[in-house]
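**Student:** the amino acid sequence is not available; the structure is as follows:
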């Protein structure tokens with residue numbers, strides 16, 4: 001895959017994330033922004049901890065979601 005294709009794919013992913021953000025409630029948007037800010041301003045070790053916590057929370061949330 002060439003640079004242009006990779007760049008376009010990354011832009012498409014980012015656009016999808018931004019659109020998803022738009023559909024969150026105000027409280028959910030605030031929670032997301034707080035988490036993103038925390039992630040951006042912590043050490044690499046703390047980032048790994050956050051990723052582990054979020055991964056675990058995502059797995060637990062997926063199990064609780066109605067099917």
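**Tutor:** Happy to help now that I have it. Fair warning: this is a prediction, and the values are worked out from it, not measured in the lab.

**Student:** CA only for contacts and neighbour counts going forward, please
**Tutor:** Fine.

**Student:** how about low-confidence regions in the protein?
**Tutor:** Residue ranges of the chain with pLDDT under 70: 1, 65-67.

**Student:** where along it do the helices fall?
**Tutor:** According to DSSP state H, the chain carries its helices in the segments 3-22, 26-40, 44-64.

**Student:** tell me the helices and strands packed up against the last one.
**Tutor:** In terms of contacts (3 or more Cα pairs under 8 Å, 6 or more residues apart in numbering; DSSP states H and E), helix 44-64 is packed against helix 26-40.

**Student:** check which residues of the helix it packs on are buried.
**Tutor:** Within helix 26-40, the residues scored as buried using 16 or more other Cα atoms under 10 Å are residue 39.

**Student:** relative to helix 44-64, how tilted is it?
**Tutor:** Per axes from the mean of the first three to the mean of the last three Cα atoms, to 10 degrees, the angle that helix 26-40 makes with helix 44-64 is 150 degrees.

**Student:** most distant residue from the centre of the chain?
**Tutor:** Distance from the centre of the chain peaks at residue 2, with 25.7 Å (Cα atoms, centre = their mean).

**Student:** next one: phi and psi at residue 42?
**Tutor:** Dihedral pair for residue 42: phi -110, psi 170, per degrees, to the nearest 10.
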